[in-house]
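>>> Below are the sequence and a predicted model for it; my questions follow.
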Amino acid sequence: MTRNGRLVTAVGIALALIVGFGAGWLTHGTVSGPPEPAAGQAPQGNHPDDVEDRPETGFETVTVDLDETHDLGDGFSVRLTRFERGVEEGGVDPTTGREGDLPYVSWRVELDNESDETVQTGVVTRSCAVGDPLRESGSPALGDSAHPPESLEPGQSGYWDEDCWLEEGDTRIQYTIEFQDQDFMPIYPAVTFAGTLD
């Protein structure tokens, strides 16, 4: 091989080494997120929302009448009572942006623990929809007792007050309630109370 040929070969090898080491340095020197999971593979990690960390509950929402007492299981039951219409003077509905004298409906959520063990109600999530067709409704939160009990001893009952904006001409209401643990996983099936008011 001629001198010029050896020089070209040496330069080529040097360039290959530089490019190779440079690519390796760039790869190890940058910060990147976790690799994307393969198709059909659950994402990895310790976040509570990760698929493989969340157990299957198998719960489906149960729909009952407004005046029905629903047994959630293990002697724990829930019902709605004391429906009343009213008008909040100087009310503000952030959902619709309306202000003024706004009509609403209020009721009481009653719980009973007829079991021999303490019932933990955990975190309670609620939602209200009214009208026909149904539309989401906010809450004026006018009740004296707006906080659900955290637990019920054997044989103990508890309650809290609820309400939502309801136009005078509307009669249809749908109220959904769900009891969840500290990780926001359902403890019992969600219950939707649905029906019409006078």
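Received the coordinates, thanks.

>>> use CA for all of it now, contacts and neighbours both
OK.

>>> Val130 - nearest residue in space that isn't next to it in sequence?
Distance criterion C-alpha to C-alpha, 6 or more residues apart in numbering; nearest residue to Val130, sequence neighbours excluded, is Ile173 at 4.4 Å.

>>> Now do the contacts for the one you found.
Ile173 makes contact with 128-131, 134, 194-197, according to C-alpha atoms under 8 Å, 6 or more residues apart in numbering.

>>> confidence score at Gly169?
Each residue has a pLDDT score; the one for Gly169 is 91.

>>> Now do the same for it: helix, strand or coil?
Reducing the assignment at Gly169 to three states with DSSP: H, G, I helix; E, B strand; the rest coil gives coil.

>>> measure it to Glu88 for me?
When C-alpha to C-alpha, to the nearest Å is applied, the distance between Gly169 and Glu88 equals 16 Å.

>>> what do you get for Thr176?
In this view, Thr176 and Glu88 are 23 Å apart by C-alpha to C-alpha.

>>> in the protein, which spans are helices?
Using DSSP state H, the helices of the chain run over 3-29.

>>> where in it is pLDDT low?
Counting by pLDDT under 70, the ranges of the chain that qualify are 1-58.

>>> and if we set it to 80?
Low-confidence segments of the chain, defined by pLDDT under 80, span residues 1-59.

>>> And whichever strand in it runs longest, what's buried?
Ranked by residue count and defined by DSSP state E, the top strand of the chain is strand 76-93. Burial within strand 76-93, assessed by neighbour count using 16 or more other C-alpha atoms under 10 Å, is assigned to 76-80, 85, 87, 91-93.

>>> Repeat that for stretch 169-187.
Buried-residue list, stretch 169-187, by 16+ other C-alpha under 10 Å: 172-180, 185-187.

>>> on that earlier part again, looking at the contacts of Ile173, which one is closest to Ala146?
Of all these, Ala146 sits closest to Cys128, with 14.8 Å by C-alpha to C-alpha.

>>> could you measure the closest residue to that closest one other than its chain neighbours against Glu162, distance?
If the residues on either side of it in the chain are set aside, Cys128 comes closest to Tyr175, at 4.6 Å by C-alpha to C-alpha, 6+ apart. When C-alpha to C-alpha is applied, the distance between Tyr175 and Glu162 equals 10 Å.
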